[in-house]
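K.L.:
sequence unknown, structure follows:
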C-alpha cells in the first residue's frame, strides 16, 4: 500500500512519501490529481496509513476497514457530481468535532473541493471548518484541479500532487480487484488513462471488438465521401452500444437510492441531483470514447510514419508520409474541437472522416 501511494506522488523508494506525511500529521492535506478515482483511492490509502500502527501495512483489520469504507473514524464525503452546498459543508464541520471512537484520529475525506468555488457561501464554510479543527481531526481534501479561487484553502493544507496512472498500472489494479486479465488489458487500454472509466469498461463485453474497429478505420477510408459517412454512422452506433453499460450502472444506482430512501431511511442526494450527475457522466463518457477513438487513429498514423521512415525514399513514400502527417494534424485539431467546443459529435466525426478521405 505504501508503494502505491509513493508511486502516485512520484517517489521511487517505497514508503518515503507516506512515512513523511504520517509520522507527524498536520490537520489538513489536499490531494490533487486529474483522475477522481485515483485521488479517492489515494485518500483512502492515506487515511489507512494514518490509522494503522504500521503506517499503512495494507494487511491489518484497520487498513481493511478504511479501504472498505467501514472504519468508524474515517468518513468519506462525496459531492456526487454537483456543487457543494453550505449546509453540507457545515454538517461535515459539525461531524469533524467528534472525538475518535476507535483509533488515533478522526479523519474527514472531502472530495472535489473545487466544487465549492461555484458558491461563495460553501467556500467560506469550508475555510471556517479548516481554520477551526478539532485536536484529533485530520482533513484529507481532494480536487481534480486547483483553480485560482482555491488559493486560500490550499494555503491551509499540505499539498500533495498525484500523477496519472499508466495503462499497465490500471491493468494491474483491475486484476487485483478481481478482473480477468484479458478484459483488464482491454479496459485499461481503452480507458484513456482513467481508472474510473476502466472500471466501467470492465462491464462492457464489446470493448475488445470496439478497439479493433477503431484501429481498422484508416484502412477502410478509401477517398469516397459516402464511405466516410457510413463510418460515422458505424462509430456512433458503437458508442451508443458502449454507453449501455454506463446506463445499466446508473439504473443500479437508482435502485440502491430508492432502497436507501424507502427502506433504510438514509439521507441521500435528491433524485434531481442524481439525474444531473448521471446526465453529466453520460456526456463525459461519450466525449471520452470519441477522444479514445482519436488517440487510436493517431497511433495508427504514427505507426505508418514510423514504417515509412524505414523504407527507401521515393515520390510515393514521400506522398504517403505527408498524408500521414496531415492526418495527425487533422486529428489534433479535431481533439481540440472535441474538448473545446460543444460541437455535435456526428458533425465533428463527419468533418474528420471526410477530411481524412481526401488525404
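P.N.:
Looks like it came in fine. Just so it is clear, the model here is predicted, and its values are computed rather than measured. Residues are numbered from 1 along each chain as shown.

K.L.:
how far off centre is stretch 41-61?
P.N.:
Centre-to-centre, stretch 41-61 and its host chain are 22 Å apart (Cα atoms, centre = their mean, to the nearest Å).

K.L.:
and the end-to-end length of that stretch?
P.N.:
Across its full length, stretch 41-61 reaches 18 Å end to end, with Cα to Cα, to the nearest Å as the criterion.

K.L.:
give me the mean pLDDT for it.
P.N.:
Looking at stretch 41-61 alone, the average pLDDT works out to 87.

K.L.:
residues of it that come out buried?
P.N.:
Neighbour counts using 16 or more other Cβ atoms under 10 Å place 41-52, 55-56, 58 of stretch 41-61 among the buried residues. To be clear about C-beta, it is placed using only N, CA and C from the backbone, and glycine gets the same treatment.

K.L.:
ok, now stretch 164-182?
P.N.:
Counting neighbours by 16+ other Cβ under 10 Å, one finds that the buried residues in stretch 164-182 are 165, 167, 169, 170, 171, 172, 173, 174, 179.

K.L.:
contacting residues around residue 199?
P.N.:
By Cβ atoms under 8 Å, 6 or more residues apart in numbering, the residues touching residue 199 are 37, 174, 177, 187.

K.L.:
I'd say the first one and residue 194 touch.
P.N.:
Yes - at 7.0 Å, residue 37 and residue 194 qualify as touching, with contact defined as Cβ atoms under 8 Å.

K.L.:
for the chain, which helix is longest?
P.N.:
For the chain, the helix that runs over the most residues, judged by DSSP state H, is helix 271-309.

K.L.:
after that one comes which helix or strand?
P.N.:
Helices and strands here follow DSSP states H and E; after helix 271-309, the next one along the chain is helix 315-340.

K.L.:
returning to what we had before: okay, residue 37 and residue 194: which has more neighbours?
P.N.:
Using other Cβ atoms under 10 Å, the more surrounded residue of residue 37 and residue 194 is residue 194, with 23 against 17.

K.L.:
picking that back up, so which of the contacts of residue 199 sit within strands?
P.N.:
Counting by DSSP state E, these place none of their members in strands.

K.L.:
quick check, pLDDT for residue 268.
P.N.:
Note on residue 268: pLDDT of 54.

K.L.:
again but with residue 304, I slipped
P.N.:
pLDDT, the model's per-residue confidence, is 90 for residue 304.

K.L.:
again, but for residue 312
P.N.:
For residue 312, the predicted pLDDT is 87.

K.L.:
returning to that earlier point: secondary structure for the buried residues of stretch 164-182 - can I get that in JSON lines?
P.N.:
Rendered in JSON lines, the data for these read as follows (DSSP: H, G, I helix; E, B strand; the rest coil):
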{"residue": "165", "secondary structure": "coil"}
{"residue": "167", "secondary structure": "helix"}
{"residue": "169", "secondary structure": "helix"}
{"residue": "170", "secondary structure": "helix"}
{"residue": "171", "secondary structure": "helix"}
{"residue": "172", "secondary structure": "helix"}
{"residue": "173", "secondary structure": "helix"}
{"residue": "174", "secondary structure": "helix"}
{"residue": "179", "secondary structure": "coil"}
